[in-house]
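K.L.:
Please find the sequence and the predicted model below.
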Amino acid sequence: MAPKFQIKVFQISTFIKNLTIISIVTISFLLVFFSKSDLYVINGIKSISTSVIIPITRVISAPVNAVSNLVDEYNQFRSLKFENKLLQEEIIRLKKWQTLAIQNSRENKVLKKLLNATDNNLSLVKTASLINRNDTIYSKLINLNAGYEDKIEKNMSAINERGLLGKVIDTTSNNSRVILLTDPNLSISVKTISDGIFSLLSGNGDGKYLVSSFIKENKMPRLGDIVVTSGTAQIFPVDLLVGKVAKVEKNRFFVLPFVDFENIDYVQIVTSK
Amino acid sequence: MEFSKFFNSTIKLNIILIISFSISVNSFILLSNVNNAFYVLFHLTFIYLIFYHYHYYLYLVALVYGILFDILLLNNIGAHLITFLSLLILFILIRKYLIRLSSYQIIFIYFITLIILFLIEQFLANLIHNYKFNMSSIFNFFLISLIIFIPTIFLFTKLDK
């Protein structure tokens, strides 16, 4: 009786194993197939990885983070003298600009009153700080410590003091993910300040430049032109600073973003008023 | 005793898998090569587990890590999940031929598999998620693999012993 029983157990366990493998392969196929859709399961998996997995990975990688901070501090200490000199020069330069800016600001207020214009088109939702970043391998993503409890929603714009950073692609109760401008999968509608040339920009893949994917009427901008959001796609508010035209080729141009993507500490989530 | 030895080394390899995954998904701007090195180490460990510690639970491991890598690095499920599961299925198909090979031949296949995995991941990321096929990144992974391959094999063999 005993051998028969053993054979039965073996058959059942093999059947279960095979069934498990087939189930896993089927689940994987379905997940890949529906990964770009807005299904509840996909959103759930994304939320869990943002709110649960990322904090765990941060704890595990804490020693490496500590070493990275130490290297950063050492580098800062080394460049202290040089930076001090630069800052002194910048203070003198900025003082001159400050006087000019105060004059311009007064002038602007008077002109706005005359035109009956509003102050700006942005409304601040939340200022959040960076939790961690996933921008070394493949995509350019960052995670912030504020989520839908702070009224952050999908597709809101992320900016810092230098200009446009990216947009919110995923939110959980206390966290949100932002796709950076340098990611090849994010396209933004922009225009140049000087000539008003409209175009679409997306990440070049190198993490540094943005490259034009479409230029309206094939009008090429000039080198050094400043690029801002056009607001036509109604995702990003109008007139957010994006970058400067750094290279112009026959059918495309490259933009160097104003934001230093390697030094992001605080991010402001904004929407159009 | 034999079972406990096997169990211990498998647990140790899985701990390496968790640590290397955690470090590779947290970008360190000043130590970007550390991210890449741990990304390579994850792949090395996963292939080692398949080659020398094959078990059905590895399908679940491939599913979980595949999804997590895809969401955290690509924001969409695809490239890693397909690659990891394909590797497992391919291993079952060629297992009977691998057994006949010498240890040096297996190590050579191990290294080739690692490089092909990176190439397939890049290709799928390009095909499914529109990420540029980055040759400099592949070259970087290749160089890191060359540097850490032998020490890692040595470490894993020590763990197994």
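P.N.:
Thanks, I have the structure now.
K.L.:
Can you tell me the centre-most residue of chain A?
P.N.:
Geometric centre of chain A, nearest residue: A:Leu180, 2.4 Å, by C-alpha atoms, centre = their mean.
K.L.:
Please name the bridge partners of that one.
P.N.:
With DSSP bridges as the criterion, A:Leu180 is bridged to A:Gly166.
K.L.:
Let's test this: mean pLDDT of the longest helix seen in chain A, rounded?
P.N.:
Longest helix of chain A, by residue count under DSSP state H: helix A:80-115. Helix A:80-115 carries an average pLDDT of 85.
K.L.:
Pull out the buried positions in the helix or strand that comes right after it.
P.N.:
Note on helix A:80-115: by DSSP states H and E, the next helix or strand toward the C-terminus is strand A:122-134. Neighbour counts over strand A:122-134 (16 or more other C-beta atoms under 10 Å in any protein chain shown) mark A:Leu122, A:Val125, A:Lys126, A:Ala128, A:Ile131, A:Asn132, A:Arg133, A:Asn134 as buried. From N, CA and C alone the C-beta is placed, and that goes for glycine too.
K.L.:
distance of the fifth one from chain B?
P.N.:
With distances defined as C-beta to the nearest C-beta, to the nearest Å, the gap from A:Ile131 to chain B amounts to 10 Å.
K.L.:
The spatially closest residue to that residue that is not a sequence neighbour in helix, strand or coil?
P.N.:
Take A:Ile131 and drop its neighbours on the chain: the residue closest to it by C-beta to C-beta, 6 or more residues apart in numbering or on different chains is A:Asn143, 4.5 Å away. Judged by DSSP: H, G, I helix; E, B strand; the rest coil, the three-state class of A:Asn143 is strand.
K.L.:
in the sheet, who's paired with A:Asn143?
P.N.:
With DSSP bridges as the rule, A:Asn143 is bridged to A:Asn132, A:Arg177.
K.L.:
do you know how far it is from A:Asn134?
P.N.:
Look at A:Asn143 and A:Asn134: by C-beta to C-beta, to the nearest Å, they are 8 Å apart.
K.L.:
and the helix or strand hosting B:Ser86, what other elements does it pack with?
P.N.:
Assigning secondary structure by DSSP H and E places B:Ser86 in helix B:79-98. When contacts are defined as 3 or more C-beta pairs under 8 Å, 6 or more residues apart in numbering or on different chains; DSSP states H and E, helix B:79-98 packs onto helix A:2-34, helix B:32-52, helix B:57-69, helix B:103-129.
K.L.:
Please enumerate residues in contact with it?
P.N.:
Contact with helix B:79-98 is made by A:24-25, A:28, A:31-32, B:46-47, B:50-51, B:54, B:58-59, B:62-63, B:65-67, B:69-70, B:73-74, B:106, B:109, B:113, B:117, B:120-121, B:124-125, B:128-129, as judged by C-beta atoms under 8 Å, 6 or more residues apart in numbering or on different chains.
K.L.:
Buried among those residues? Need that as a selection in PyMOL.
P.N.:
Selection of buried members from the contacts of helix B:79-98 for PyMOL, criterion 16+ other C-beta under 10 Å:
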select buried, (chain A and resi 24+25+28+31+32) or (chain B and resi 46+47+50+51+58+59+62+63+65+66+67+69+70+73+74+109+113+117+120+121+124+125+128+129)
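K.L.:
count of residues packed around B:Ile150?
P.N.:
By the measure other C-beta atoms under 10 Å in any protein chain shown, the count of residues near B:Ile150 is 11.
K.L.:
got the contact list for residue 28?
P.N.:
In the absence of a named chain, chain A is used. Taking C-beta under 8 Å, 6+ apart as the test, what A:Ser28 contacts is B:Leu63, B:Gly66, B:Leu81, B:Ile82, B:Leu85.
K.L.:
right idea, wrong chain: chain B
P.N.:
Taking C-beta under 8 Å, 6+ apart, we find B:Phe28 in contact with A:Val64, A:Asn65, A:Ser68, A:Thr136, B:Val34, B:Asn35.
K.L.:
Can you spell out which residues form a bridge with A:Ala158?
P.N.:
A:Gly166, A:Ile269.
K.L.:
Do I have it right that it meets A:Gln268?
P.N.:
Yes: because the distance of 7.2 Å satisfies C-beta atoms under 8 Å, A:Ala158 is recorded as touching A:Gln268.
K.L.:
Between the two, which is the more surrounded one?
P.N.:
Neighbours per residue (other C-beta under 10 Å) separate A:Ala158 from A:Gln268, with A:Ala158 holding more: 26 against 16.
K.L.:
what's the pLDDT at that one?
P.N.:
A:Ala158 carries a pLDDT score of 92 in this model.
K.L.:
Okay, it and A:Ala128: tell me how far apart.
P.N.:
Counting by C-beta to C-beta, the separation of A:Ala158 from A:Ala128 is 9 Å.
K.L.:
Identify the contacts common to the two.
P.N.:
A:Leu144, A:Val267, A:Gln268, A:Ile269.
K.L.:
So for chain B, the centremost residue is which one?
P.N.:
Nearest to the geometric centre of chain B sits B:His43, at 1.5 Å (C-alpha atoms, centre = their mean).
K.L.:
Quick check: residues of the stretch 151-273 of chain A near chain B?
P.N.:
A:Ile169, A:Asp170, A:Arg177, A:Ile179, A:Pro184, A:Asn185, A:Asn204, A:Gly205, A:Glu262 (C-beta under 8 Å from any C-beta of the partner chain).
K.L.:
And those residues, which two are furthest apart?
P.N.:
Distance extremes for those: the farthest pair is A:Asp170 and A:Asn204 at 23.5 Å, using C-beta to C-beta.
K.L.:
Who has more neighbours out of these two?
P.N.:
It is A:Asp170, of A:Asp170 and A:Asn204, that has more neighbours when counted by other C-beta under 10 Å, with 20 against 16.
K.L.:
For the more buried one, pull up the helix or strand it's in.
P.N.:
If you go by DSSP H and E, A:Asp170 is part of strand A:163-171.
K.L.:
State the mean pLDDT of that strand.
P.N.:
In this model, strand A:163-171 has an average pLDDT of 90.
K.L.:
Report all helices and strands that that strand contacts.
P.N.:
On a contact count with 3+ C-beta pairs under 8 Å, 6+ apart, strand A:163-171 meets helix A:40-48, strand A:157-160, strand A:176-180, strand A:241-248.
K.L.:
quick one, which of these is nearest to B:Leu30?
P.N.:
The closest of those to B:Leu30 is strand A:176-180. By C-beta to C-beta, the value is 18.0 Å.
K.L.:
so how far is that closest one from its chain's centroid?
P.N.:
Offset of strand A:176-180 from its chain centre (C-alpha atoms, centre = their mean, to the nearest Å): 5 Å.
K.L.:
relative orientation of it and helix A:40-48 in degrees?
P.N.:
Per axes from the mean of the first three to the mean of the last three C-alpha atoms, to 10 degrees, the angle that strand A:176-180 makes with helix A:40-48 is 90 degrees.
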